[in-house]
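Visitor: Generate coordinates for the sequence data below:
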Amino acid sequence: MSDAAFLKAEEVSPKPGAKHATVALIVCNSIGQRETTVLTAELVAAGDRTNWRLALDFSNVGMITSVGIGMLVTLHNKTKAAKGCLVLFGMRKELMELLRLTRLDRMFSFAADRAAALASMP
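Guide: Numbers count the residues shown, from 1 in each chain. Predicted coordinates:
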């Protein structure tokens with residue numbers, strides 16, 4: 001299990017015999033400039049280890065800045081280029097509204113919880 005200052009990640013197998021995926025709990029309340037640097041490095045490393053199969057838990061996150069949104073777009077692009085899967089779950093209503101306003105909700109896959117996120121992975 002990874003235990004960075006802002007992230008707790010673990011590799012899991014969504015289903016018996018399935019490829020491994022990384023489930024990452026973002027433990028910081030807000031994602032700004034400082035947090036983005038650490039999160040990006042950790043999530044890129046995790047993505048590389050599990051063929052870009054990522055499930056990100058946002059249940060602790062209350063605020064995300066434009067830099068944090070940029071990080072999500074970067075992760076999406078890396079996942080798409082690697083033909084991987086990126087699922088966001090545990091999003092608060094306010095964060096979902098922000099993604100809707102910026103129309104980024106169309107870019108990402110969302111799930112209600114960890115089990116649903118893992119079940120949605122091919």
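Visitor: The residue nearest the centre of the chain bridge partners, please.
Guide: For the chain, the residue nearest the mean C-alpha position is Leu56 (2.9 Å; CA atoms, centre = their mean). Beta bridges link Leu56 to Ala24, Leu88 when assigned by DSSP bridges.
Visitor: how about the strands in this structure?
Guide: Assigned by DSSP state E, the chain shows strands spanning 2-3, 7-12, 21-26, 30-31, 53-57, 63-64, 85-89, 109-111.
Visitor: show me the contacts for the residue nearest to the centre of the chain.
Guide: Counting by CB atoms under 8 Å, 6 or more residues apart in numbering, Leu56 touches 24, 26, 43, 75, 86-89. Bear in mind the C-beta positions are built from the backbone N, C-alpha and C, glycine included.
Visitor: from those, which single one is nearest Glu97?
Guide: Leu88 (14.1 Å; CB to CB).
Visitor: still on that earlier bit, as TSV, the contacts of Leu56 with neighbour count would be great.
Guide: Listed next are the contacts of Leu56 as TSV, based on neighbours: other CB atoms under 10 Å:
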residue	neighbour count
Ala24	23
Ile26	24
Leu43	27
Leu75	22
Leu86	24
Val87	23
Leu88	23
Phe89	21
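Visitor: any chance of those in a markdown table, plus pLDDT?
Guide: Output for the contacts of Leu56, formatted as a markdown table (pLDDT from 0 to 100):
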| residue | pLDDT |
| --- | --- |
| Ala24 | 97 |
| Ile26 | 97 |
| Leu43 | 96 |
| Leu75 | 97 |
| Leu86 | 97 |
| Val87 | 98 |
| Leu88 | 98 |
| Phe89 | 98 |
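Visitor: Please identify which of those is nearest to Glu35.
Guide: Ile26 (8.3 Å).
Visitor: Would you agree the closest one is in contact with Ile64?
Guide: No. Ile26 is beyond contact range of Ile64, at 9.6 Å (criterion: CB atoms under 8 Å).
Visitor: Skipping adjacent residues, who's closest to Thr102 in space?
Guide: Once flanking residues are discounted, Thr102 sits nearest to Ile69: 6.9 Å by CB to CB, 6 or more residues apart in numbering.
Visitor: and if you look at Ile26?
Guide: Nearest non-adjacent residue to Ile26, counting by CB to CB, 6+ apart: Val61, 5.4 Å away.
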